[in-house]
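# Sequence and computational prediction follow.
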Amino acid sequence: MAQERTCDVNPTTAPRLPVRVLSGTVSGMDRFYPIGVPGQPWGPAEKQQWLAERSIERSYRDDVLDRIDALEAPFEVSSYGALPIDPERYPLKMVTLRSTNPDAPWALLTGGVHGYETSGVHGALTFLETAALDYRDSLNLVVAPCVSPWGYEVINRWNPNAVDPNRSFHDDSPSEEAALLIAAIAGLDVPFLLHLDLHETTDSDEDEFRPAVAARDGKPFEPGTIPDGFYTVADSDNPQLDFQAAIIAAVEEVTHIAPPDENGQLIGADQVQPGVIEYPCREWGLCQGMTSAQYTSTTEVYPDSPKATATICNMAQVAAARASLDFALAHSGQS
């Protein structure tokens, strides 16, 4: 997720976008991105140029929908809409596993809000395939494995309108991906105990996506650093730090945890405890803030480490999901 800030299917990481080295200045601001005029927010023409330069690089059907369709009872697969850019190509799917216990709480797992963050998608699918049934006696589970399928296919954090879905989980959302998921979850009309949102922070965040958002918004680009390892983002209004610590402890058995930089920060935010930072999730329109769940977190896997593989990234997401559910159940008296 990162500040408007991929582990993959095959090869090990999604294609690394090149650092953009551009010369010259415009209006006193260095040119750091090839679209638009530095210092001026993009208009429709620039956004259309950006869209025209996107291309399909992998298959939502082959990588995601086929795996969802292969799930059998007691899993229930439903559609909650489709993306208007191509409704047939981009149906939105949700998987529900209803508990055998009529009093069981509800948990929500989301992946692929940023479509390019691959282990968010494949971690959610792997959890469904390998671990979800272990919780059927304890909770009701809702999983949206790939919230942004167009972003998944073109390996991008934005939607076709150059909107970041993970800044759009609020009323009158400009993101179809966010608006459709909000409506689907509201339509269930159930209270959620937990919501875990699966993300990655990648080297391409610094090479491509942060320069792009600065250019889009007419702001200067201020280089940052990418944390070397896994971390979580807590909601500053409801941080639940013991819950975050349980996730970190479980994931540490799978992959390394990001150390803070020389300023005691991760991705520009103060580390509040090992591997944990806080954002105002509802204020920023982040996905984890869309419910009133007691326990929420955003995972951030680091796929570009030489110590990481696709399998490690996916299993880190599964470990985070398991730890989240186990902690929430234990502390709600439902385990």
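Looks like it arrived, so ask away. What you are looking at is a predicted structure, and each value in this text was computed from that prediction instead of being measured.
# what about the most centrally placed residue in the chain, which helix or strand?
The centre of the chain sits closest to residue 199, judged by Cα atoms, centre = their mean, with a distance of 3.4 Å. Following DSSP states H and E, one finds residue 199 within strand 192-200.
# quick one, helices of the stretch 101-250 of the chain?
With DSSP state H, counting those that start in this stretch applied, the stretch 101-250 of the chain shows helices at 118-130, 149-154, 176-188, 203-204, 210-216, 241-251, listed in chain order.
# Now do the third one, average pLDDT.
Per-residue confidence for helix 176-188 averages out to 98 on the pLDDT scale.
# Output the helices of the stretch 101-250 of the chain as a markdown table; include the columns distance to residue 303.
(Each C-beta comes from the backbone N, C-alpha and C, glycine too.) Below are the helices of the stretch 101-250 of the chain laid out as a markdown table (distance: least, Cβ to Cβ, whole Å):
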| stretch | distance to residue 303 |
| --- | --- |
| helix 118-130 | 6 |
| helix 149-154 | 14 |
| helix 176-188 | 22 |
| helix 203-204 | 9 |
| helix 210-216 | 17 |
| helix 241-251 | 14 |
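# Let me have these in TSV, extended by distance to residue 161 and mean neighbour count.
Listed next are the helices of the stretch 101-250 of the chain as TSV, based on distance: least, Cβ to Cβ, whole Å; neighbours: other Cβ atoms under 10 Å:
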stretch	distance to residue 161	mean neighbour count
helix 118-130	21	26
helix 149-154	10	25
helix 176-188	8	19
helix 203-204	20	22
helix 210-216	11	22
helix 241-251	33	20
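# In contact with the residue nearest to the centre of the chain, which residues?
With contacts taken as Cβ atoms under 8 Å, 6 or more residues apart in numbering, residue 199 has the following neighbours: 1-2, 113-114, 117, 120, 166, 298-301.
# could those be laid out in TSV, adding distance to residue 321?
Rendered in TSV, the data for the contacts of residue 199 read as follows (distance: Cβ to Cβ, whole Å):
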residue	distance to residue 321
1	16
2	20
113	15
114	17
117	15
120	11
166	18
298	12
299	8
300	14
301	12
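# Point out the least confident one among these.
For the contacts of residue 199, the weakest pLDDT value sits at residue 2, with 45.
# In the contacts of residue 199, find the pair that's most separated.
Checked with Cβ to Cβ, those reach their widest spread between 166 and 301, with 15.1 Å between them.
# still on that earlier bit, the strand holding residue 199: partners in the sheet, and parallel or antiparallel?
When pairs are called by DSSP bridges, strand 192-200 turns out to pair with strand 106-111 (parallel), strand 295-301 (parallel).
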